[in-house]
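Asker: Generate coordinates for the sequence data below:
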Amino acid sequence: MILACSFIAVQASNEKTSYNDALNDTSRVVDLDEVIVVSQLKETYKLRQQPLSSTVLTQREMRQLQVRDLASMATYVPSFNMPQYGSRLTSSMYVRGIGSRLYDPAVGVYYDNIPLMGKSALNHHFYMIDRVDVLRGPQGTLYGMNAEGGLVRIYSKNPMDYQGTDISLGIGTGLTHHVEVAHYHRPSQNFAFTAAGFYNGQRGFFKNTVHDEWNDKLQEAGGKMRFLWQANQRLRFDLTTDYQYTRQNAFPYGLYDIDADNVERPATTDMNMYKRQMLNTGLNVTYQHTGWQLSSVTSWQYLRDHMEMDQDYVPGDFFHLQQLQKQHALTQELALRSNGQRVWKWTFGAFGAYQWLRTEAPVTFGRDFNAQTAGRILGLMPAQVANMFSAWEIPACYVGETFHTPRANIGIFHESTITVGNNFDITLGLRYDYSRVKVDYDANGLLSLHFAMQASPMMPRAIDQTNTLRVALQSDDSRSFHQLLPKIGLTWRFDQQGSNAYATVSKGYRAGGYNIQMLSNVFETEFRKSGQNLRTGDITKAYDETALQSINSAISYKPEETWNFEVGSHLNLLDGKLKADIAFFYMTIRNQQLAMLLDGYNYGRVMVNAGKSHTIGMELAFRGSAFDNHFDWMANVSAMDAVFDEYDTYNGNTVPFVPLCKLAVGANWHVGKLTLGANLTGQGKTYWDEANSFSQPFYVLLGAHADYDFGPVNVSLWGRNLTNRHYNLFAIKSSMTGRNLAFAQRGNPIHLGMDVNIHF
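Answerer: Numbering: from 1, shown residues only. Take a look at the predicted model:
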């Protein structure tokens, strides 16, 4: 078995007065879950009292580690990986080997209790965040949709508890820079609000040699408002609106020499680009009673984006892909849970969501591809016929596709925790989940062929003409999926310090859907098959209802089901001076949804189902302090092995994109107002394909920071990848140009910078 190990070291500190007071008590290490009090609408226990494995990161930790989005945060969380594929568009998250590069995510994300819908919305800029929780393992009995592998909860600062103005300024190599401003105000005892805005950008680190322009240039900006009104002692309203705009040069992939482990600079015919507008707004209404709490969360989310990709990644003109998405999503969640200390703690709830998504994905074939295709068609003819043509070329080749893929989801959930005696808790949960997905598409393809033949004894009249092949596909289809998601947990508290051991069995699930990218395979097949007959005249290819239903069946994929078996412990050791969290897990996955390249397929990755796979691993977490809290540290260790059990010829291979080893260690030393910190991070081996034919070896990165607290102003000098280690964030093999080539995206080189944080 191949194991993955991951350590994390971040400072166990927080800016709140209650935490600073707690630091004066040198006899214990504070639970972050207890320090930062956030409104939990469904849980009846704190994280370390629940039968699950989790990680909490505070705002100060994220600042010191330069965490500004989920992708950079993933480096410091065990069993959690979010590869950076070169744009905000791609938001693939993996927890314990469960994840997806296409369509629905396998990890749920909640922002101030608002569920974010759709993968394109997840990878956004972090700013003025108070805390982030990562819960590992299926979370279906409370969070349901897209929480098969785990859950990320993001919380912003609450102006009811925190007031003043925060300003954050930063600059670094690669001309990375940011400006963030937030004002928290509480004009009365019952009302508070937040107004915040940001700008973030970078010149970049990787220059495109064809365009002499930085291929990873980024500019983004946004703002958010939050209003809280405590109508009375029981009723509370919380309204949040967040807007972000992103524009970036994207996908800085360079030609990759696997044997030499060398990645060239990006070189593409067209500059890759991605831009996105995103608006999330939600209303949270909470009613507190003596024995129970009722909450309602209503949200509307809007996303509109535009991607331009030179899909062959070489200077030759082969493929150019556009993708334009327009998404609206409405969600409504109701949750009723118990309050107070009681033998039976319970949560009941219902969730509903409807998502509209329109996708336009035209593909334009360049002159090099057209010349290659013309040569293939000519090569299919007998030599004596082919030699008769004085001209043979494809002047135009195009595929246009428009998809409407609405999705509805309904969930009814319940979770109970029953205390038996003084030491045992039994957790029982169940969710009924219903999803209905639909596809409505209108697609067409065009291939034109120009040819000429000179007059000859056998051909008395010269020919010079252009014929056209037209292929049209128009259909719709829908499918429904039902699932019961149970959870059983047992927690045993065995000392006066709050230590416990637990065992959990839970089921995860991700609905099936439609693989809209695979529809392009129909056009490619038709171009190859019918193109050789174009010399006889124009061709229009139509499909009857039987053929369309066969296509609809071929582009659909099955639901993915997961069972998670887990045992662990949350320990408070050395009279509370050291805290440790341990988890061992075994997961089975059926019909695992994978994004892969099919042999001979030239339109990018498609979604397929693997038969069966499993993941086995462990997670260890430690946190402590010493020397009257002048020294503090945290460390997490995770180990896992994700393997295909039933998947064509890949049985026994490792699931791709899942690091087999992660490493990060670090600590902080406080001398008066000065804090010095260092961390060591790394990961690997990571396979890039199902065949395990190439991979990223294990690598290590060194980071450090020095902070000085001037009172209202905090200045931080930081560095990442201080040894300038070369490594790949992502790699892919492609035959789009007719040759088997590999491409990769390098990780950023040495990165130095300075941040100034002001509070008044």
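
Asker: what about the helices in the chain?
Answerer: 17-23, 32-35, 59-64, 70-73, 367-379, 383-386, 520-530, 545-555 (DSSP state H).

Asker: tell me the most buried of those?
Answerer: Mean neighbours per residue, mean count of other Cβ atoms under 10 Å, is largest over the helices of the chain for helix 59-64, with a mean of 22. From N, CA and C alone the C-beta is placed, and that goes for glycine too.

Asker: could you say what helices and strands it packs with?
Answerer: strand 129-136, strand 713-720 (3 or more Cβ pairs under 8 Å, 6 or more residues apart in numbering; DSSP states H and E).

Asker: which regions of the stretch 501-650 of the chain sit below the pLDDT cut-off?
Answerer: Along the stretch 501-650 of the chain, the model assigns pLDDT under 70 to residues 595-607.

Asker: cool, and the stretch 101-250 of the chain?
Answerer: If you take pLDDT under 70 as the line, the stretch 101-250 of the chain has these spans: 102.

Asker: do that again at 90, thanks
Answerer: 101-107, 116-128, 140, 143-149 (pLDDT under 90).

Asker: out of the helices and strands packed on helix 59-64, deepest packed?
Answerer: Of the helices and strands packed on helix 59-64, strand 129-136 is the most buried (mean count of other Cβ under 10 Å), at a mean of 22.

Asker: Partner strands of that one and their direction?
Answerer: Sheet pairing of strand 129-136 (DSSP bridges) gives strand 53-58 (antiparallel), strand 150-156 (antiparallel).

Asker: how about these in JSON lines, adding mean neighbour count and distance to C661?
Answerer: Below are the strands paired with strand 129-136 laid out as JSON lines (neighbours: other Cβ atoms under 10 Å; distance: least, Cβ to Cβ, whole Å):
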{"stretch": "strand 53-58", "mean neighbour count": "24", "distance to C661": "18"}
{"stretch": "strand 150-156", "mean neighbour count": "24", "distance to C661": "20"}
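
Asker: Out of those strands, flag the one nearest A511.
Answerer: Nearest to A511, of all the strands paired with strand 129-136, is strand 150-156, at 16.9 Å by Cβ to Cβ.

Asker: For the closest one, what is the distance to the chain centroid?
Answerer: 13 Å (Cα atoms, centre = their mean, to the nearest Å).

Asker: hang on, isn't W392 packed against G379?
Answerer: No - using Cβ atoms under 8 Å, W392 makes no contact with G379, being 10.6 Å away.

Asker: anything in contact with each of the two?
Answerer: A386 (Cβ atoms under 8 Å, 6 or more residues apart in numbering).

Asker: returning to what we had before: now the helices and strands packed on helix 59-64 in CSV, with distance to S456?
Answerer: Putting these into CSV (distance: least, Cβ to Cβ, whole Å) gives the following:
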stretch, distance to S456
strand 129-136, 74
strand 713-720, 70
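
Asker: Would you mind saying which of the ones you listed lies nearest E308?
Answerer: Proximity to E308, assessed across those by Cβ to Cβ, is greatest for strand 713-720 (29.5 Å).

Asker: Tell me the strands beside that closest one, with direction?
Answerer: Applying DSSP bridges, one finds strand 713-720 paired with strand 699-709 (antiparallel), strand 751-759 (antiparallel).

Asker: now could you export just the CA positions of it as CSV?
Answerer: The C-alpha coordinates for strand 713-720 follow below in CSV (Å, rounded to 0.1, in the frame of the first residue of the first chain):
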residue,chain,number,x,y,z
VAL,A,713,-0.6,48.3,12.4
ASN,A,714,0.9,44.8,11.8
VAL,A,715,3.7,44.4,9.3
SER,A,716,4.5,41.0,7.9
LEU,A,717,7.4,39.9,5.7
TRP,A,718,6.9,36.5,4.1
GLY,A,719,8.3,34.1,1.6
ARG,A,720,7.1,30.9,-0.1
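
Asker: Which stretches in the stretch 651-760 of the chain count as strands?
Answerer: Per DSSP state E, counting those that start in this stretch, the stretch 651-760 of the chain carries strands over the ranges 662-671, 674-683, 686-687, 695-696, 699-709, 713-720, 728-734, 741-746, 751-759.

Asker: Deepest-packed of the ones you listed, please.
Answerer: Most buried among those, given mean count of other Cβ under 10 Å as the contact rule, is strand 686-687, at a mean of 24.

Asker: Could you pull up the mean pLDDT of stretch 477-489?
Answerer: Averaged across stretch 477-489, pLDDT comes to 95.

Asker: mind listing what's buried in it?
Answerer: 477, 479, 481, 483, 485, 487-489 (16 or more other Cβ atoms under 10 Å).

Asker: now it, how far from the chain's geometric center?
Answerer: 22 Å.

Asker: same thing with stretch 280-300?
Answerer: Distance, centroid of stretch 280-300 to centroid of chain: 27 Å (Cα atoms, centre = their mean).

Asker: ok, residues contacting it?
Answerer: Stretch 280-300 has contacts (Cβ under 8 Å, 6+ apart) with 39, 41, 111-116, 121, 233-242, 301-302, 328-340.

Asker: pLDDT averaged over that stretch - what is it?
Answerer: pLDDT averaged over stretch 280-300 gives 95.

Asker: Could I get the buried residue list for it?
Answerer: Buried-residue list, stretch 280-300, by 16+ other Cβ under 10 Å: 280-286, 293-295, 297-299.

Asker: Among those, which lie within strands?
Answerer: Mapping the buried residues of stretch 280-300 onto strands (DSSP state E) picks out 280-286, 293-295, 297-299.

Asker: for the residues you listed, which one is nearest A374?
Answerer: Out of these, the member with the shortest distance to A374 (by Cβ to Cβ) is N280, at 48.2 Å.

Asker: and the gap between that closest one and G445?
Answerer: 36 Å (Cβ to Cβ, to the nearest Å).

Asker: Pairing partners for the residue nearest to I418 when sequence neighbours are not counted in the sheet, please.
Answerer: In space, I418 comes closest to I426 once its chain neighbours are excluded; the distance is 4.8 Å by Cβ to Cβ, 6 or more residues apart in numbering. When bridges are called by DSSP bridges, I426 pairs up with I418, L490.

Asker: For S456, what are phi and psi?
Answerer: With angles defined as degrees, to the nearest 10, S456 sits at phi -160, psi 170.

Asker: Report the contact partners of it.
Answerer: Neighbours of S456 in contact, by Cβ under 8 Å, 6+ apart: M388.

Asker: doesn't V107 make contact with Y143?
Answerer: No - judged on Cβ under 8 Å, Y143 makes no contact with V107 at a distance of 10.3 Å.

Asker: what touches both of these two?
Answerer: With Cβ under 8 Å, 6+ apart, Y143 and V107 have common neighbours L151.

Asker: rewinding a little: could the ones in strands among the buried residues of stretch 280-300 be laid out in TSV, adding distance to L473?
Answerer: Compiled in TSV, those are given as follows (distance: Cβ to Cβ, whole Å):
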residue	distance to L473
N280	34
T281	37
G282	38
L283	41
N284	44
V285	46
T286	49
Q293	51
L294	49
S295	45
V297	40
T298	38
S299	35
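
Asker: Tell me the one of the residues you listed nearest A396?
Answerer: For these, the nearest to A396 is N280 (41.1 Å; Cβ to Cβ).

Asker: So which of Y143 and V107 has more stuff around it?
Answerer: V107 (28 against 23; other Cβ atoms under 10 Å).

Asker: Got the phi and psi for the nearest residue to the more buried one once chain neighbours are set aside?
Answerer: Once flanking residues are discounted, V107 sits nearest to M93: 4.2 Å by Cβ to Cβ, 6+ apart. With angles defined as degrees, to the nearest 10, M93 sits at phi -120, psi 140.

Asker: Could you give the number of residues near E619?
Answerer: Residues near E619, counting by other Cβ under 10 Å: 26.

Asker: my bad, should have said W344
Answerer: Neighbourhood size, W344 [other Cβ under 10 Å]: 10.

Asker: Now do the strands in the stretch 101-250 of the chain.
Answerer: Listed in chain order, the strands of the stretch 101-250 of the chain (DSSP E, counting those that start in this stretch) span 107-111, 114-115, 129-136, 150-156, 164-172, 176-188, 191-202, 207-208, 213-214, 218-230, 235-249.

Asker: No further questions, thank you.
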